[in-house]
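Chemist: Okay, structure incoming, though there's no sequence with it:
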């Protein structure tokens, strides 16, 4: 799969700088990122067809999920907008030579270099929240549908509209007036901006209301089976590491999150939402 020459323009400059400076490779291995990772994996395992199905991991980042799936025998094609992530994914793939990622390339979620009907499953675990224009998000969802085989499955993740406000309450960021202004805009229209480039305040993105994510998936002519809370409210625990590092407390935490995962009144409290959708013939 060819690498695009215009990769530098695939993200806003501030988002590209954020990922160039941030250690995305380790994010899901610390703090509540560990909950996000495990819950995403268990939801994927629940719905994915068995290997050796073909999976397009669009916005696959540093290859964490792609390597995990390839290790299970899936044929995984990773596409990401950040050249650094692609290089890190290639490195991770080389570390498992017996079951590497099938292909890794820089690309645009709205214009995929994959043929119609060639994937059994499509992962959009990141692109939708970096496409701040609704038409661009719909284009990415429609591209995912295009490359799916009939009855193929698509997983689309959005960041909750309320994530910054809740994080501010948890972490004390609301004491910073700059962060307060970020939250006000998030709550008003979902358009997240970080003009100070504070590394803890994320970067240019769009935060979905749960029903908004469901509507966009449906508008892309996908049949949305369910919308799930990935972390539920558990990411807000002040002593999260103490819960996670204790096997018994972790088990109870996960049991509660699973019981609430599809509860409409809980969806917006989760940092991330995951839509499970099908391409119907």
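Modeler: Received, thanks. Every value quoted in this text rests on a predicted model; they were computed, and no experiment measured them.
Chemist: A helix includes residue 228, no?
Modeler: No: per DSSP: H, G, I helix; E, B strand; the rest coil, residue 228 lies outside any helix segment and is strand.
Chemist: Go ahead and confirm it touches residue 44.
Modeler: No: Residue 228 is beyond contact range of residue 44, at 11.1 Å (criterion: CB atoms under 8 Å). (C-beta placed from N, C-alpha, C; glycine too.)
Chemist: More neighbours: those two, which one.
Modeler: residue 228 (25 against 20; other CB atoms under 10 Å).
Chemist: what sits opposite the more buried one in the beta ladder?
Modeler: Assessed by DSSP bridges, residue 228 has beta-bridge partners residue 274.
Chemist: distance of it from residue 273?
Modeler: 7 Å (CB to CB, to the nearest Å).
Chemist: cool, residue 281 as well?
Modeler: 27 Å.
Chemist: Now do the helices in the stretch 1-150 of the chain.
Modeler: Taking DSSP state H, counting those that start in this stretch as the test, the helices found in the stretch 1-150 of the chain are 13-21, 24-27, 33-47, 64-71, 83-94, 127-130, 134-147.
Chemist: Next, the angle from the first one to helix 83-94.
Modeler: Going by axes from the mean of the first three to the mean of the last three CA atoms, to 10 degrees, helix 13-21 is angled at 40 degrees with respect to helix 83-94.
Chemist: Please point out which parts of helix 13-21 sit buried.
Modeler: By neighbour count with 16 or more other CB atoms under 10 Å, helix 13-21 contains the buried residues 15, 16, 18, 19.
Chemist: the strands in the stretch 101-250 of the chain, which residues?
Modeler: Secondary structure of the stretch 101-250 of the chain by DSSP state E, counting those that start in this stretch: the strands cover 103-106, 119-124, 148-160, 191-192, 205-208, 223-229.
Chemist: Mind putting these into TSV with mean pLDDT and distance to residue 249?
Modeler: Formatted as TSV, those follow (pLDDT from 0 to 100; distance: least, CB to CB, whole Å):
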stretch	mean pLDDT	distance to residue 249
strand 103-106	98	37
strand 119-124	98	30
strand 148-160	98	24
strand 191-192	98	32
strand 205-208	98	29
strand 223-229	98	20
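Chemist: now, of these, which is deepest in the fold?
Modeler: Mean neighbours per residue, mean count of other CB atoms under 10 Å, is largest over these for strand 119-124, with a mean of 26.
Chemist: Give the partner strands of it in its sheet and their orientations.
Modeler: When DSSP bridges is applied, strand 119-124 pairs with strand 54-58 (parallel), strand 148-160 (parallel).
Chemist: any chance of these in TSV, with distance to residue 78 too?
Modeler: Listed next are those as TSV, based on distance: least, CB to CB, whole Å:
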stretch	distance to residue 78
strand 54-58	5
strand 148-160	14
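Chemist: Go through these and name the closest to residue 28.
Modeler: strand 148-160 (12.6 Å; CB to CB).
Chemist: Now do the closest one and strand 223-229, the angle between them.
Modeler: 30 degrees.
Chemist: how far is strand 148-160 from where the chain is centred?
Modeler: 11 Å (CA atoms, centre = their mean, to the nearest Å).
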